[in-house]
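Novice: Need a 3D model of the following:
(2 chains)
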Number of protein chains: 2
Amino acid sequence: MVTIKDIANRLGIAPSTVSKGLNDASDISPELKKLVLDTAIEMGYVTKRMKKETRKRLCIFIENMQYERSGDFGFDIILGFRQAALRDNWDVTVVPITPVLQLRDPYDRYMVKNNYHGGFLVGFALKDPWMAQLETTTIPTVLFDNYIRKNPNVAYVGTDSFEGIDLAIDHLTELGHTKIALLNGSPDSMVTVNRYDAYVSSMQSHNLEVDENLVAYGYYVEESAKYHLPSLIEHGATAILCGNDLLAVGVIRECERLNIKIPEALSVVGFDNLPIAQTISPALTTINQDRIDLGRNSYAALYWLIAKVPISRSLLRPQLIVRDTTFEVNSIANK
Amino acid sequence: MVTIKDIANRLGIAPSTVSKGLNDASDISPELKKLVLDTAIEMGYVTKRMKKETRKRLCIFIENMQYERSGDFGFDIILGFRQAALRDNWDVTVVPITPVLQLRDPYDRYMVKNNYHGGFLVGFALKDPWMAQLETTTIPTVLFDNYIRKNPNVAYVGTDSFEGIDLAIDHLTELGHTKIALLNGSPDSMVTVNRYDAYVSSMQSHNLEVDENLVAYGYYVEESAKYHLPSLIEHGATAILCGNDLLAVGVIRECERLNIKIPEALSVVGFDNLPIAQTISPALTTINQDRIDLGRNSYAALYWLIAKVPISRSLLRPQLIVRDTTFEVNSIANK
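Specialist: Alright, predicted model coming up:
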């Protein structure tokens, strides 16, 4: 077990100085404090305070979504996490984060400085400064809808994409569709790769041919849909599976503009069951992720990471929510 | 909430008779008892006893593997499960099971009769009588290395195949291999499908072409390997990734017979890190599943299923164990 003396020896300074650095004392320069903390992290030092604490402190970092009011995408995720954490009476802090704040302190240093035993990261983008650091972090960390290879301290929690896509394709094939397109999100996301793999696997298990002309990659935003829609329709798509609800909304709006009737001429399925899926007209058939369950499962995964069980991914069962954007395939070509 | 009266009304019998059936009384015919239990299960009735019990009873059903002594494949899985269950002080019973015993009582009836709140099924084959029943079971159930679609009461726990295969292909490509074959298990297993998908995905992310002539499906037993080895070698394989250690052992033994030097002429990677991986010569490079962690994670998943969090799959990080069956690719063709 690494001691303060070990750190002192490594740096060639007095143990008392190391102690000052670890305890955020005022009579030590910021640069030396940073050096002490970084070295401690690198050597795997666990503060006495953290070792003693049976009541763990956890931090939820949230970005790129609303979360403060009921109905916000992040609200239920946090609520579920807090509910599950009550059972062990652990402390949960919610910190809204940005790339700029991430540049100020590397992830590990932030966590050790604030005495957090584990982190739950929600809404991070792949390019965020902290994401690359997660490849080597020693802090138990759960990522929502994001995956880091190989690091046994990091787990991915999300919806089972394979099953979600499979439910959607079940539904569409029951309605007679065979030319089912996939309008996916940006290819640098693990979720995108999962959903493509799931699409291929599900089409094959439904004995449908995969036509790569019916696969498009956009961005997970509404505006991206219109660039890909014409080509998919031109290649004969009678139904479009979208990587998320925002892309589906983009398809719906562009079809409205082009006078393509949904669902009669084209069926559309989203993913996520965001509030807009209910408010848009026609109301969107989509795959639901129960966000309270996601929050609870995220706490569960973090609990086991802290207990040194190297969970890689923990995925929940989604549900198909059928609304008004899917219908029997129209046997008469109708554009 | 379903009551005894509801069951009585459904069956057209007295509530007292229903009570006798639920409590396994002696003064009721076996046929009527069965009918009462099956109806109760179908209607989702939870016995008063089960509702009152905060100390849950869990059952581990184990089949097709040794488990009673340290070193047995099932021993550590059960040990890990028991260790994790200690935390909540829940009761764990281990029941060795066979297809014949499964025919005697349907799964749900067995569980309700014995007052088990949840089940953990280890070593089941796809064709086992209970497996089909799991598609509609209302009992929280965790399956080891097996998957049931759509049922939110059933979760799959195992190793992250994607990461395992990826680690193996990392290793082989670092040794210069490009013609990497996959000798997979029988295609009716979810694990087999996963490993094929993982192989394709990983070859692509390593910028390697997938040659379907280098993909073979056998059975997860040693004897199966020899039927597929010649073709893989004929098509230029310099390394073979095997669906499990038994297939890899089959490859090693057949190569010995054919005088093909491992690892100089052919690299071989297994999966599972069974005891034989260490005892065979040359010792087998393989992907390790820590079975104590798998046991602990299975308990964790069952805990959350009982709490109504619909976990679909919870997978652990595997580790690559490099031994003596992998080596730099031999640039001189050597058969």
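
Novice: Could you report the neighbour count for the spatially closest residue to A:Gly176 that is not a sequence neighbour?
Specialist: Closest residue to A:Gly176 apart from its sequence neighbours, by C-beta to C-beta, 6 or more residues apart in numbering or on different chains: A:Val329 at 4.1 Å. C-betas here are computed from N, CA, C, even on glycine. When counting by other C-beta atoms under 10 Å in any protein chain shown, one arrives at 19 neighbours for A:Val329.

Novice: ditto for A:Pro99
Specialist: So A:Pro99, with other C-beta under 10 Å, has 13 neighbours.

Novice: related to what we said a few turns ago, and the residue nearest to A:Gly176, how far is that from chain B?
Specialist: 23 Å (C-beta to the nearest C-beta, to the nearest Å).

Novice: and that residue, that's in a strand?
Specialist: No. Per DSSP: H, G, I helix; E, B strand; the rest coil, A:Val329 lies outside any strand segment and is coil.

Novice: Verify the contact between it and A:Ser267 for me.
Specialist: Yes. Using C-beta atoms under 8 Å, A:Val329 makes contact with A:Ser267 at a distance of 7.5 Å.

Novice: Overlap of the contact sets of these two?
Specialist: Shared contacts of A:Val329 and A:Ser267, defined by C-beta atoms under 8 Å, 6 or more residues apart in numbering or on different chains, comprise A:175, A:177, A:238-239.

Novice: In strands, which of the residues you listed fall?
Specialist: A:Ala239 (DSSP state E).

Novice: Between which two of the shared contacts of A:Val329 and A:Ser267 is the distance greatest?
Specialist: Using C-beta to C-beta, the two most remote members of those are A:Leu175 and A:Thr238, lying 9.2 Å apart.

Novice: residues from the stretch 51-200 of chain A in reach of chain B?
Specialist: Proximity of the stretch 51-200 of chain A to chain B (C-beta under 8 Å from any C-beta of the partner chain) is limited to residues A:149-150, A:152, A:160, A:163, A:166-167, A:193, A:197.

Novice: With secondary structure as extra columns, can I get the residues you listed in JSON lines?
Specialist: Formatted as JSON lines, these follow (three-state DSSP):
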{"residue": "A:Arg149", "secondary structure": "coil"}
{"residue": "A:Lys150", "secondary structure": "coil"}
{"residue": "A:Pro152", "secondary structure": "coil"}
{"residue": "A:Asp160", "secondary structure": "coil"}
{"residue": "A:Glu163", "secondary structure": "helix"}
{"residue": "A:Asp166", "secondary structure": "helix"}
{"residue": "A:Leu167", "secondary structure": "helix"}
{"residue": "A:Val193", "secondary structure": "helix"}
{"residue": "A:Asp197", "secondary structure": "helix"}
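
Novice: Just the buried residues from those, in ChimeraX please.
Specialist: The following ChimeraX line selects those of these that are buried, judged by 16 or more other C-beta atoms under 10 Å in any protein chain shown:
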select /A:150,152,160,163,166,167,193,197
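
Novice: Closest to chain B out of the residues of the stretch 51-200 of chain A next to chain B?
Specialist: When these are compared for distance to chain B (C-beta to the nearest C-beta), A:Asp160 wins out at 3.8 Å.

Novice: Roughly how far does that closest one sit from B:Ile41?
Specialist: 26 Å (C-beta to C-beta, to the nearest Å).

Novice: Same question for A:Leu274.
Specialist: From A:Leu274 to B:Ile41 the distance is 37 Å (C-beta to C-beta).

Novice: cool, A:Asp91 as well?
Specialist: For A:Asp91 relative to B:Ile41 (C-beta to C-beta), the value is 41 Å.

Novice: Settle it for me: which of the two has more neighbours?
Specialist: Per other C-beta under 10 Å, whichever of A:Asp91 and B:Ile41 has more neighbours is B:Ile41, with 20 against 14.

Novice: Show me the strands in chain A, by range?
Specialist: Under DSSP E, chain A gives strands at A:57-62, A:91-96, A:118-122, A:141-144, A:154-159, A:180-184, A:215-217, A:239-242, A:267-269, A:286-288, A:311-316, A:319-321.

Novice: quick one: buried residues of the last one?
Specialist: Translated: strand A:319-321. Buried-residue list, strand A:319-321, by 16+ other C-beta under 10 Å: A:319-321.

Novice: what does that strand rub up against?
Specialist: Residues contacting strand A:319-321 (C-beta under 8 Å, 6+ apart): A:164, A:167-168, A:170-171, A:273, A:277, A:285-288, A:290.

Novice: Check the fourth one too.
Specialist: The contact list for strand A:141-144 (C-beta under 8 Å, 6+ apart) reads A:77, A:107, A:118-124, A:134, A:153-158, A:294, A:298, A:301-302, A:305.

Novice: Geometric centre of chain A: which residue is closest?
Specialist: Centroid-nearest residue in chain A, with C-alpha atoms, centre = their mean: A:Asp145, separated by 2.0 Å.

Novice: on that earlier part again, need the overlap of contacts for A:Leu175 and A:Thr238.
Specialist: A:267, A:329.

Novice: Out of these two, name the residue with the larger neighbour count.
Specialist: A:Thr238 (23 against 15).

Novice: so the more buried one sits right up against A:Lys179, yeah?
Specialist: Yes. Using C-beta under 8 Å, A:Thr238 is in contact with A:Lys179, at 5.0 Å.

Novice: okay, now A:Val200: neighbour count?
Specialist: 17.

Novice: Return the distance of it relative to A:Glu163.
Specialist: Taken as C-beta to C-beta, the span from A:Val200 to A:Glu163 is 15 Å.

Novice: State the pLDDT value of A:Ile77.
Specialist: You'll see A:Ile77 listed with a pLDDT of 96.

Novice: Also A:Leu167?
Specialist: A:Leu167 is given a pLDDT of 97.

Novice: how about the nearest residue to it, chain neighbours excluded?
Specialist: In space, A:Leu167 is closest to A:Leu320, 4.3 Å off (C-beta to C-beta, 6+ apart).

Novice: hey, which helix or strand in chain A has the poorest pLDDT?
Specialist: helix A:48-52 (a mean of 62; mean pLDDT, DSSP states H and E).

Novice: In TSV: the contacts of strand A:319-321, plus distance to A:Asp211.
Specialist: What follows is the contacts of strand A:319-321, written out as TSV (distance: C-beta to C-beta, whole Å):
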residue	distance to A:Asp211
A:Gly164	21
A:Leu167	21
A:Ala168	17
A:Asp170	19
A:His171	19
A:Asn273	28
A:Ala277	27
A:Thr285	22
A:Thr286	23
A:Ile287	22
A:Asn288	28
A:Asp290	33
